[in-house]
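K.L.:
just a sequence and a predicted model for now, questions to come.
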Amino acid sequence: MQPKFREPIKPGTTFAWMANAKTFIFGSLVATVVCLGALAVRGLDLGIDFKGGTKLIVGFTENAGATPDKIRETLGALIKEKTGGDAGQIEVQGFNVGDTDAQGRKVEKFQIYTELTTLMTEAKANEVIAAIKAGVGADRIERPEETDKFMLTLATPAPVNPTKAKILEIVKAAGFPHAEVVSEEERAFDMEFFKEYNLTVAERTQAGEKIADDDYDNAYAAHEAQKKTALEQRTDRSFTVNLQQLQAEVEDALIKAFNKDSVVVDSATAVSASVGAELFSKGMLALLYSIIGIVIYVGLRFDFRFGPGAVVSLIHDAILTLGLFSILGLKFTLPIVSAILTIIGYSINDTIVVYDRIRENMEKMKGMGLIELIDLSINETLSRTVLTGGSALIVTTMLMILGGGFIFDFAFALTFGIVIGTYSSIAVAVPFTLYS
């Protein structure tokens, strides 16, 4: 007995798609112009990935009562108090990795993103620079844009450990008790350890040796002892001072809000504005290169007359997605670039299915008119298109409902992209191929 498959679109459907081709093209053109206008006037509200900012990992014990909303509210109040301006983007996402504290209490981790990279004023930064120059005879001190870091070069090499201690004394006197100082010699020493340790582990693993769970901890402890002795004898001219002011201020604010014994700031990573701008440029180049690659693929697989339609539909999808984020004022982040690349891949897949059927029918039905043949080809693949798009939409809709923060934005972009990509494969790519 042959299995029966239900199809959402009955075989033999005769929708006259190409009768409305000019309407489709006009509607898409209007939508594209509107989105381009929004991008030109409003631009994109760039997120931390592209504007720069700080990512913190913070742990709370289960009795702290920490929630994303309460953490966001606490940090927003801190930023407004310190800067006098808008708190900007603050994203908080919880994740449970099964950690416990020293007392055996469960710890829930939160990943916090804020647009700030520092709370330090220029006046305070200049005060710190002047104090370090006077204290250790620094020949040059550079501060990367809007960070808590200072890179200093001494006029002559100086003993590493005494110089680090002197710099720490200076910055702590200036009001930064959480500061850290690292010399270039120290950093090179650490890099050499990591390289040698990884090579050793690879060789031991290849030889079939089992690596103990505490192997790294023991090796690193031995390295630290060796480094301490070695640095007593070494000199250096280059030192990096990280004041960690933002991390300390955030920790203090959270301790006041949730209880001292309930909060631990595990790490803080800053992304400078210049790095963010570079990431944005690379993201846009990734979109451009993907479209160029797809054009070449379509041209080689089919015929170069099919290429323009595919290109126009992909550009249409990308512009409409970018335009929607501009119009709605949603944060544009690296995950959204990933979503747009996914949309482009999904859209071209849909388009290729239709193109494939058109090519097959052109070979089988040589006497049929082109418009009639295109309508037939679209109708024959319509059921597959609806099933594929529908199943993908179920997943992205669930992500939108259950996810939050960046996950919601990513799922929202994918949901819109699937709808618009399905539309463009029929109503943009094929009509453009017909009339080009």
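P.N.:
All right, it came through fine. Numbers count the residues shown, from 1 in each chain.

K.L.:
count of residues packed around A130?
P.N.:
Neighbour count for A130, taken as other Cβ atoms under 10 Å: 12. Every C-beta, even on glycine, is put in place using the N, C-alpha and C of the backbone.

K.L.:
check the offset of the helix or strand where it lies from the chain's centre.
P.N.:
Assigned by DSSP states H and E, A130 belongs to helix 122-136. On the basis of Cα atoms, centre = their mean, to the nearest Å, helix 122-136 is displaced by 35 Å from the centre of the chain it belongs to.

K.L.:
each with direction, which strands does the helix or strand following it pair with?
P.N.:
Where DSSP H and E defines the elements, the next helix or strand beyond helix 122-136 is strand 138-142. The pairing partners recorded for strand 138-142 under DSSP bridges are strand 149-159 (antiparallel).

K.L.:
buried stuff in the partner strand?
P.N.:
By neighbour count on 16 or more other Cβ atoms under 10 Å, the buried set for strand 149-159 is K149, F150, L152, L154, A158, P159.

K.L.:
how about residues contacting that strand?
P.N.:
128-129, 132, 136-144, 163, 167, 232, 234-243 (Cβ atoms under 8 Å, 6 or more residues apart in numbering).

K.L.:
helix, strand or coil for the residue of the chain positioned farthest from its centre?
P.N.:
For the chain, the residue at maximal distance from the C-alpha centroid (Cα atoms, centre = their mean) is G367, at 52.0 Å. Classification of G367 by DSSP: H, G, I helix; E, B strand; the rest coil places it in coil.

K.L.:
so who does it touch?
P.N.:
For G367, counting by Cβ under 8 Å, 6+ apart, there are no contacting residues.

K.L.:
now it: how far from N379?
P.N.:
From G367 over to N379 the distance is 19 Å, taken as Cβ to Cβ, to the nearest Å.

K.L.:
just for the stretch 101-250 of the chain, where's the confidence low?
P.N.:
Scanning the stretch 101-250 of the chain for pLDDT under 70 picks out the ranges 101-104.

K.L.:
let's see that with 80 instead.
P.N.:
101-107, 115-119, 121, 144-147, 213 (pLDDT under 80).

K.L.:
helices of that one, start to end?
P.N.:
For the stretch 101-250 of the chain, applying DSSP state H, counting those that start in this stretch gives helices covering 122-136, 160-173, 184-206, 215-233, 245-258.

K.L.:
any idea of the angle the longest one forms with helix 160-173?
P.N.:
Between the axes of helix 184-206 and helix 160-173, defined by axes from the mean of the first three to the mean of the last three Cα atoms, to 10 degrees, the angle is 110 degrees.

K.L.:
buried residues, helix 184-206. List them.
P.N.:
Those would be E185, E186, F189, F193, for helix 184-206 by 16+ other Cβ under 10 Å.

K.L.:
now it and helix 215-233, what's the angle there?
P.N.:
150 degrees.

K.L.:
report the longest helix in the chain, please.
P.N.:
helix 370-402 (DSSP state H).

K.L.:
and the next element down the chain from that one?
P.N.:
Assigned by DSSP H and E, the successor of helix 370-402 is helix 406-427.

K.L.:
what distance separates whichever helix or strand comes after that following helix from the centre of its chain?
P.N.:
Using DSSP H and E, the helix or strand that directly follows helix 406-427 along the chain is helix 429-435. A distance of 35 Å separates the centroid of the chain from that of helix 429-435, by Cα atoms, centre = their mean.

K.L.:
also stretch 320-331?
P.N.:
17 Å.

K.L.:
CA atoms of that stretch as PDB?
P.N.:
Coordinates of each C-alpha in stretch 320-331 appear next as PDB, following Å, rounded to 0.1, in the frame of the first residue of the first chain:
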ATOM      1  CA  LEU A 320      14.200  45.000   4.100                       C
ATOM      2  CA  THR A 321      15.500  43.200   7.100                       C
ATOM      3  CA  LEU A 322      18.000  46.100   7.800                       C
ATOM      4  CA  GLY A 323      15.300  48.600   7.200                       C
ATOM      5  CA  LEU A 324      12.900  46.900   9.600                       C
ATOM      6  CA  PHE A 325      15.500  47.100  12.400                       C
ATOM      7  CA  SER A 326      16.000  50.800  11.600                       C
ATOM      8  CA  ILE A 327      12.300  51.600  11.600                       C
ATOM      9  CA  LEU A 328      11.600  49.700  14.800                       C
ATOM     10  CA  GLY A 329      14.700  50.900  16.500                       C
ATOM     11  CA  LEU A 330      15.900  47.400  17.400                       C
ATOM     12  CA  LYS A 331      19.600  46.900  18.300                       C
END
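
K.L.:
got the buried residues for it?
P.N.:
L320, T321, L322, G323, L324, F325, S326, L330, K331.

K.L.:
can you name the next helix or strand after the helix or strand where the second one lies?
P.N.:
What it means is T321. Secondary structure assignment for T321, by DSSP H and E: helix 307-328. Where DSSP H and E defines the elements, the next helix or strand beyond helix 307-328 is strand 331-332.
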